[in-house]
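Just the structure for this:
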Amino acid sequence: MSDAVPAVEKDITKKKKKSKSTTLKYGSYLHKIFKGRKPELSIGKEAMELTHGLILHLEEKLTDKAFELGKVDKKMTLSERHVHGAARIALPMALSERACKEGHLALVRFRAAESAPTAA
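Below you'll find the predicted structure:
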């Protein structure tokens, strides 16, 4: 007699993968900024959603302008100059100057960190 163990049928069901949200969420970054400036204050959910919507609108507006400037220059890739020009066009004077200055400093820091040798 052979004591064969019957094959156990596994219930094979495909699990649906949750699709990732394609929109960026700036909530955690906003919360860090607000807590860094005024730790005793908090921001409500509706105010956070409103601020998030404002950021998304500005991002879309700036990218559209930057792509338009890239098309005028007949370039396939955006450069610092295109983004700088888009900020000058889309934002008010004082805000565009501040944005351009901060963007330039961020690029300088990035390039410095990129060229620095890594200690392994």
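
And the lowest mean pLDDT element among the helices and strands of this protein?
helix 27-37 (a mean of 86; mean pLDDT, DSSP states H and E).

just checking, what packs against the helix or strand harbouring Val108?
Using DSSP states H and E, Val108 sits within helix 93-115. Counting contacts by 3 or more Cβ pairs under 8 Å, 6 or more residues apart in numbering; DSSP states H and E, helix 93-115 is packed against helix 80-90. Where you see a C-beta, it was placed from the backbone N, CA and C, and this is true even at glycine.

Pull out the buried residues from the longest helix along the chain.
Assignment by DSSP state H gives helix 45-72 as the longest helix of the chain. Using 16 or more other Cβ atoms under 10 Å as the test for burial, helix 45-72 gives Met48, Thr51, His52, Leu62, Lys65, Ala66, Leu69, Gly70.

ditto for stretch 70-79
By 16+ other Cβ under 10 Å, the buried positions in stretch 70-79 come out as Gly70.
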